[in-house]
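Colleague: how would this look folded up:
(one chain, ligands or ions: 1)
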Amino acid sequence: MRRSTKTEVLRILRSAGGEPVSGEVLASEIGVSRNSIWKAVTALKDEGYEIEGRQKRGYVLSESDVLSADEIKRYLNNPHCSSKIIIYDTVDSTNNAAKRYAAENSGGDVFDRVFIAKEQTAGKGRLGRSFYSPLGSGLYISFLLRPGIMTESAVMLTTAASVAVCEAIAAAIGEKTEIKWVNDVYCRGKKICGILTEAVSDIESGSVESVVIGIGVNISTTDFPDDLGKVAGSLDSTDADIRSRLAAEIINQIDKIVCGEILEHGDYGYIKKYKERSMVLGKDIRIVNTDESAHVIDIDERGGLVVETESGIRTISTGEISIRLK
Ligand code: BTN
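Modeller: Numbering: from 1, shown residues only. Model (predicted):
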């Protein structure tokens, strides 16, 4: 299948705005045979596009939520990113896929690859937890970044990623979101996104030269297992092509904030946005690991949580600590 025929069929059906376009018109506009059009339409349907073939009138494209590299490319700001996308129907974990790729391929750009799955069979969360990743209702996306030598800034990529997700959601569907330290994203009081950042070590040198930032967003998930539903929610968006649109906006923001501002220019201005979106700043919290009550005074320039407890003021900077809002 020539990919360009498929892309062209899609473009023409889209611009027809729901009106039928005959196979004959498609064939003559694209300059291929009717049989090629039929094959292209079949391939598009297999990818999930809702295309109805109306007798004697032609093909009609309905709004479809298709997660594909072609759909994502439509919304990318930087065309350079479009060749970096790898999509799976199903995978154990996109973070694992990124780490396998890093182990097999050395070098690469700072923005090396982005791995996206329609479903994960072994999605991973922070602190050894699993991440519920059902088919079709979420977005599971991991970035393989190669910042070079591990600078201090690499530690901050994870907080920057949560700002990137918030900005991306605002751009895609205009929804307001908040960040619970360190990097859980909340919408309407429920956690709708988790982020797991993993460092990839070079086995020979032992140095950490790659970072995988994995982001899971619940888009229309409703049936959470066990007690998860008490905390977890979803964006509840039913917009057509929401998964591809959101994937593209997240790629745009990671490229802008993480690769551009932080890694290229050493600009940490995103912390201001992080603080503006924080749902713990100025609040009383419980530090789960030490079972302490604390008041959040500030978030410092490195994303550390400055808290006041009975024993004084200190900064929590490790991601291995859980907090709860009181
Ligand atoms: C958390 O909330 O504890 C973090 C969840 C991170 C989930 C994402 S989904 C894409 C990537 N692949 C994984 O296995 N995990 C991350």
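Colleague: run through the strands of the stretch 1-150 of the chain in chain order.
Modeller: With DSSP state E, counting those that start in this stretch, the ranges of strands along the stretch 1-150 of the chain come out as 51-54, 58-61, 85-88, 111-117, 138-145.
Colleague: wait, doesn't Arg74 sit right on Ala248?
Modeller: Yes. Between Arg74 and Ala248 there is a contact under C-beta atoms under 8 Å: 7.3 Å. C-beta coordinates here come from the backbone N, C-alpha and C atoms, glycine included.
Colleague: give me the more crowded residue out of those two.
Modeller: Ala248 (24 against 14; other C-beta atoms under 10 Å).
Colleague: in space, what's closest to the more buried one - neighbours in sequence excluded?
Modeller: Spatially, and ignoring its direct neighbours in sequence, Ala248 is nearest to Tyr75 (3.4 Å; C-beta to C-beta, 6 or more residues apart in numbering).
Colleague: residues contacting the one you found?
Modeller: The neighbourhood of Tyr75, defined by C-beta atoms under 8 Å, 6 or more residues apart in numbering, consists of Ser244, Arg245, Ala248, Glu249, Asn252.
Colleague: before we move on, the earlier item: next, format the strands of the stretch 1-150 of the chain as a markdown table and append mean neighbour count, distance to the ligand and mean pLDDT.
Modeller: Shown next, in a markdown table, are those (neighbours: other C-beta atoms under 10 Å; distance: least, C-beta to the nearest ligand atom, whole Å; pLDDT from 0 to 100):
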| stretch | mean neighbour count | distance to the ligand | mean pLDDT |
| --- | --- | --- | --- |
| strand 51-54 | 13 | 30 | 89 |
| strand 58-61 | 20 | 30 | 94 |
| strand 85-88 | 18 | 11 | 96 |
| strand 111-117 | 23 | 7 | 97 |
| strand 138-145 | 27 | 4 | 97 |
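Colleague: the residue of the chain most remote from its centre and the ligand, how far apart?
Modeller: Computed with C-alpha atoms, centre = their mean, the residue of the chain farthest from its C-alpha average is Lys56, at 41.8 Å. According to C-beta to the nearest ligand atom, to the nearest Å, Lys56 and the ligand sit 46 Å apart.
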